[in-house]
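K.L.:
Just need the structure, nothing else, for what follows:
(chains A and B)
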Amino acid sequence: MEVVTGILILAGALIVFIASAGIVRFGNLYARTHVVTKVSSFAMLLLLIAVNLHFMSLRVFIVTLIVFHVVIVLAPVGAHVIVKVNRKIDEESNQGS
Amino acid sequence: MEYLNYSDFLEFASETAIWVMTISLLFPLYRLFRGPGLPDRVVALDQIGVIVLGIIICDAIFSDDDMLLDVVLILTFMLVFGSIIIAHYLHKRQMEQ
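P.N.:
Numbers count the residues shown, from 1 in each chain, chains lettered A, B, ... in the order given. So this is what the prediction gives:
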């Protein structure tokens, strides 16, 4: 059980590192939003499963469930609003020039 | 190599994960300082928040403390709603122009 928890933590840290590298490497705002929303949510899922395997209590399970649903439901909403604003700014700058 | 003498695998894994995520904190900071526009900086700030959440989760496993999960819960809500509110402010400012 301990080995599984450690492997999940290491995998989550590696995926967070890949997502952070992608935020520098990608040249477009839409690609960067894609990285932040999906890859980071997957890394958070791995880390929260590791926490549940380590503590094994009901309170930790409930708190973790709330955190996971906030990350998986509300973070894409914020990213969607930002992308919509950026698209309007792009359209205006194209019309102006 | 005296400092690599860990007592178990989980301690080593959580400390390594904390170091990896701390190094990966540099990439969104670069994007935060040199982003072309304001939405790029908002996305970089979102990624910094996710990395800090991962560091706190690994610290909760490393120090075997239940209470750090509550910090994760509050920080998730502040991160997501802060991102949505900044996007709403950008939208309103762009509508007034």
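K.L.:
From now on I want contacts and neighbour counts done on CA atoms only, so please keep to that.
P.N.:
Fine.
K.L.:
Show me where chain B has its helices.
P.N.:
Counting by DSSP state H, chain B has helices at residues B:9-23, B:26-34, B:38-62, B:68-96.
K.L.:
Any chance you could list what contacts the helix or strand harbouring residue A:31?
P.N.:
Remark: residue A:31 resides in helix A:29-34, with elements defined by DSSP states H and E. Outside helix A:29-34, the residues that touch it by Cα atoms under 8 Å, 6 or more residues apart in numbering or on different chains are A:22, A:23, A:26, A:79, A:83, B:39, B:40, B:43.
K.L.:
how close does residue A:15 get to residue B:51?
P.N.:
From residue A:15 over to residue B:51 the distance is 11 Å, taken as Cα to Cα, to the nearest Å.
K.L.:
one step back: what's the closest of the helices of chain B to residue A:74?
P.N.:
Each of the helices of chain B was scored for nearness to residue A:74 using Cα to Cα, and the closest is helix B:68-96 (6.6 Å).
K.L.:
May I see the buried residues of that closest one?
P.N.:
Across helix B:68-96, burial judged by 16 or more other Cα atoms under 10 Å in any protein chain shown covers B:68-69, B:72-73, B:75-77, B:79-80, B:83-84, B:86-88, B:90-91.
K.L.:
just stretch B:54-66 next, same as before
P.N.:
In terms of neighbour count (16+ other Cα under 10 Å), stretch B:54-66 has its buried residues at B:54, B:55, B:56, B:57, B:58, B:59, B:60, B:61, B:62.
K.L.:
Give me the residues contacting it.
P.N.:
By Cα under 8 Å, 6+ apart, the residues outside stretch B:54-66 that reach it are A:9, A:13, A:44, A:47-48, A:51, A:54-55, A:60, B:10-11, B:14-15, B:17-18, B:21-22, B:67-69, B:72.
K.L.:
what's the neighbour count on the nearest residue to residue B:77 once chain neighbours are set aside?
P.N.:
Closest residue in space to residue B:77, ignoring its immediate chain neighbours: residue A:70 at 7.3 Å, by Cα to Cα, 6 or more residues apart in numbering or on different chains. Other residues within reach of residue A:70 by the criterion other Cα atoms under 10 Å in any protein chain shown amount to 16.
K.L.:
Show the contacting residues for residue B:45.
P.N.:
Going by Cα under 8 Å, 6+ apart, the list of residues near residue B:45 reads B:28, B:32.
K.L.:
quick one: low-confidence parts of chain B?
P.N.:
Counting by pLDDT under 70, chain B shows low-confidence ranges at B:1-7.
K.L.:
circling back to that earlier point, pull out the buried residues from whatever helix or strand the residue nearest to residue B:77 lives in.
P.N.:
In this structure, residue A:70 is located in helix A:58-96 according to DSSP H and E. Along helix A:58-96, these residues count as buried under the neighbour rule (16+ other Cα under 10 Å): A:60-61, A:64-65, A:67-68, A:70-72, A:74-83, A:85-86.
K.L.:
That one vs helix B:38-62, what angle?
P.N.:
Taking axes from the mean of the first three to the mean of the last three Cα atoms, to 10 degrees, one finds that helix A:58-96 is oriented at 170 degrees with respect to helix B:38-62.
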